[in-house]
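Q: sequence plus predicted model, see below.
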Amino acid sequence: MGQRTAFADDARLTSVPVDIVMTISNWRPLYAILLDGGAIGVFQGPVCSDDLAAERLRRILPDFELTGFDLHILYSATRPIPSRIRTLATLFERELPSLIESSRLAPHTHSERN
């Protein structure tokens, strides 16, 4: 069991024992655990904005931002790239940067859980 620094309700830093680290390949199960109060986690703004606005979730590090990451499309190197994959790659390349930027600036009303 390790010690981790966390914020108390009154915004003071405190050390707390942590005895589990969870890695999940799909964000939805972890999000359900988060909504149930069983964990803390890091999610993209569009995923949790409705629950933050409804106060079902609380942001504990409001000034903390994660750095970006590279997005890769994986495909077989031994076969021709299907046109649907080529189209998707082109769409991502052209549209994703502006979609990400607009999601940072605009309030969200869509919930992934609908």
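A: Received the coordinates, thanks.
Q: helix, strand or coil for residue 17?
A: Three-state call for residue 17 (DSSP: H, G, I helix; E, B strand; the rest coil): strand.
Q: any idea how far it lies from residue 36?
A: For residue 17, the distance to residue 36 (C-beta to C-beta, to the nearest Å) stands at 21 Å. Where C-beta positions appear, they are placed from N, C-alpha and C, glycine not excepted.
Q: centroid residue for this structure?
A: Residue closest to the average C-alpha location in the chain (C-alpha atoms, centre = their mean): residue 43, at 2.4 Å.
Q: any idea whether that one is helix, strand or coil?
A: What three-state DSSP gives for residue 43 is coil.
Q: you'd agree it is up against residue 27?
A: Yes - judged on C-beta atoms under 8 Å, residue 43 makes contact with residue 27 at a distance of 6.8 Å.
Q: related to what we said a few turns ago, gap between the residue nearest to the centre of the chain and residue 35?
A: 11 Å.
Q: lovely, talk soon.
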